[in-house]
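> Fold the following, please.
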Amino acid sequence: MKAHHRTRAAATVGALLLLTAACGNGETDNEPEPAAEETPHGYVEGAEETAETQTRLVLADAETGEGAVLDLATEETTALQAPPGVERALGDGRFAYLAGPEGQVGVVDSGGWTVDHGDHVHHYRTAPRAVGTVEAPGLAAVHADTARTVLSLDDGTVRLLDRAPLEDEGAVGEPTALETEGAAGVAVPHEGHLLVPVAAPGGEAPERIEVRDADGATVATLDESCPEAGGAAATRRGVAFACADGALLVSAEDDTFTGEKIGYPEGTEPAARATSFTHRPGSDTLAATAGEDGAWALDLAARSWTRVETGPLLAVNAVGDGATLLALTEDGELRAHDLADGRVTASTPLLERPPGEGEPAPVIEVDTARAYVNDPSAGVVHEIDHQDDLRLARTLALDFAPDVMVETGR
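Next up is the predicted model:
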């Protein structure tokens, strides 16, 4: 790995980088004013548009809070300070949310992101920076659209953040609590609305999906139920919610929202149900653990589940080609499974030491060509070519233990 170019972005995660510029053009009052130029399509003030995806990793040490944004193109790092005791890192494509044990969540602008217009995309880069903190105890999930970021907490409550201060001012605005009757599940913005799992009157576990407008008012309740609604994944085909009886795929057309149930295979035991999903952004294949010794692949295009017997796992993710599942075993070996028959097609030992009790588990982050696995004991991130028999492409060294990690820029 190249020598680190370390830029102190913050002494604390709440500090901001203040960038100022001044210039003079030397023009006289008699000179004619230039004609106003039309703003180019895709222009974002203060950002550089690029031809390639600007992928970054946001990482932090769980004990000290020392962290960094790692630019995967240049291998340069920008230092940051996360809340000490940071327990997990979540992302919304551009911003990372580093959750500490006391409810403080550090918000970091990774400086790389993609804007998807459906038929084409725009990629942008800017300098990484710490944005601030927000109180979100028990942060369980993060989802965002162009207008807001939705923070779902493990007590069933939801906080909404306005994206404008985050993107334009580099500041965390005051979060708004989403009003619900009873505990909500993981809320997800979709097509200008908010999908909110809620409990039935008198119930405790979420089982219905409400559609809320920008003001939080309920405009519809889906006919299809989602008992014990858990995690969710936002995809181009819609939003998939994990339910006790399978998955509910919610889609919208002309502001009309519908739900389609994708039931589990017959004989699936309750202990093997999926409770949360991982996936490559932009793909139709989701991954989840299936109890203590297996994994699920959910193909949204085919509306089907595939169970793979993997043995006990630390992490799982789907490449997104509809054919390959990546599984990190308890002893630190990364394996590729063929979804057609479950067989192991490639494997490589990765972790110097599996995590101990109470330590954060490693994650598998996947993009179109590479997978990334954090190895805290070794102080590195392994970059894997998942299209070449899990070949170790790079070992990215850090000055701290990368206990938590999330990829951005996609």
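> Make sure Ser377 is indeed in a strand.
No - going by DSSP: H, G, I helix; E, B strand; the rest coil, the assignment for Ser377 is helix, not a strand.
> doesn't Ala290 make contact with Trp296?
Yes - Trp296 lies in contact with Ala290 (C-beta atoms under 8 Å); the separation is 4.8 Å. Just so you know, the C-beta spots here come from the backbone N, C-alpha and C atoms, and that holds for glycine as well.
> Spit out the residues that contact those two alike.
Ala274, Arg307, Val308 (C-beta atoms under 8 Å, 6 or more residues apart in numbering).
> Tell me how the chain divides into domains.
Structurally, the chain divides into domains by automatic domain parsing as follows: 1-13+47-135, 282-410.
> For the longest one, what does the pLDDT average out to?
This means domain 282-410. The average pLDDT within domain 282-410 is 96.
> just the shortest one next, same as before
Within the predicted structure, the mean pLDDT of domain 1-13+47-135 is 87.
> Number the residues from 57 up from this point.
Sure thing, new numbering starts at 57, so read that last one as domain 57-69+103-191.
> circling back: which one of the shared contacts of Trp352 and Ala346 has the most neighbours?
Neighbour counts for the shared contacts of Trp352 and Ala346 (other C-beta atoms under 10 Å) peak at Ala330, which has 25 neighbours.
> and that residue, what does it touch?
Gly286, Gly287, Ala298, Ala303, Ala344, Thr345, Ala346, Trp352, Leu354.
> Same check on Ala449?
Ala449 neighbours (C-beta under 8 Å, 6+ apart): Arg426, Glu439, Ile440, Asp441.
> Quick check: the second one is in a strand.
Right, Glu439. Yes - counting by three-state DSSP, Glu439 is found in a strand.
> Which helix or strand contains Pro418?
Using DSSP states H and E, Pro418 maps to neither a helix nor a strand.
> Ignoring the adjacent residues along the chain, who's closest to it?
Residue nearest to Pro418 in three dimensions, not counting chain neighbours: Asn430, with 5.0 Å by C-beta to C-beta, 6 or more residues apart in numbering.
> isn't the one you found right up against Ala116?
No - when contacts are counted by C-beta under 8 Å, Asn430 is not listed as touching Ala116 (10.2 Å).
> Please identify every residue contacting each of those two.
In contact with both Asn430 and Ala116: Pro458, Asp459, Val460, using C-beta under 8 Å, 6+ apart.
> Next, count neighbours for the residue nearest to the second one when sequence neighbours are not counted.
Sequence neighbours aside, Ala118 is the residue nearest to Asp459 in space, at 3.7 Å (criterion: C-beta to C-beta, 6+ apart). Look at Ala118: counted by other C-beta under 10 Å, it has 25 neighbours.
> How about Arg466, nearest residue that isn't a chain neighbour?
Nearest residue to Arg466, sequence neighbours excluded (C-beta to C-beta, 6+ apart): Pro337, at 4.4 Å.
> Is it correct that the one you found is in contact with Gly147?
No - judged on C-beta under 8 Å, Pro337 makes no contact with Gly147 at a distance of 9.7 Å.
> what about the two, which has more around it?
Gly147 (24 against 21).
> Might you report the residue contacts of the more buried one?
Val114, Tyr153, Ser166, Val198, Val462, Glu463, Thr464 are the contacts of Gly147 under C-beta under 8 Å, 6+ apart.
> and what of Ala353?
Each residue near Ala353 by C-beta under 8 Å, 6+ apart is listed here: Thr341, Leu342, Ala343, Trp361, Thr362, Val364, Ala374, Leu381, Leu395.
> all helices for the chain, in order.
With DSSP state H as the criterion, the chain has helices at 219-220.
> Could you work out the end-to-end span of stretch 124-144 for me?
14 Å (C-alpha to C-alpha, to the nearest Å).
> what pairs with the residue nearest the centre of the chain across the strands?
Nearest residue to the geometric centre of the chain (C-alpha atoms, centre = their mean): Gly147, 3.7 Å. Assessed by DSSP bridges, Gly147 has beta-bridge partners Ala152.
> distance of it from Leu304?
Distance, Gly147 to Leu304, using C-beta to C-beta, to the nearest Å: 24 Å.
> Kindly report the same for Val295.
9 Å.
> mind exporting stretch 291-308 as PDB, just the C-alpha atoms?
Coordinates of each C-alpha in stretch 291-308 appear next as PDB, following Å, rounded to 0.1, in the frame of the first residue of the first chain:
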ATOM      1  CA  THR A 291     -33.200  -1.900  -4.700                       C
ATOM      2  CA  ARG A 292     -34.100  -0.800  -8.200                       C
ATOM      3  CA  ARG A 293     -37.000  -3.300  -8.100                       C
ATOM      4  CA  GLY A 294     -38.400  -1.800  -4.900                       C
ATOM      5  CA  VAL A 295     -37.900  -2.200  -1.100                       C
ATOM      6  CA  ALA A 296     -37.600  -5.700   0.300                       C
ATOM      7  CA  PHE A 297     -38.700  -6.200   3.900                       C
ATOM      8  CA  ALA A 298     -37.700  -9.300   5.900                       C
ATOM      9  CA  CYS A 299     -40.900 -10.900   7.400                       C
ATOM     10  CA  ALA A 300     -41.600 -13.900   9.500                       C
ATOM     11  CA  ASP A 301     -43.200 -15.600   6.400                       C
ATOM     12  CA  GLY A 302     -40.700 -14.500   3.800                       C
ATOM     13  CA  ALA A 303     -40.000 -11.200   2.200                       C
ATOM     14  CA  LEU A 304     -42.400  -8.400   1.100                       C
ATOM     15  CA  LEU A 305     -41.300  -6.500  -2.000                       C
ATOM     16  CA  VAL A 306     -42.800  -3.100  -2.100                       C
ATOM     17  CA  SER A 307     -42.900  -1.200  -5.400                       C
ATOM     18  CA  ALA A 308     -44.600   2.000  -6.700                       C
END
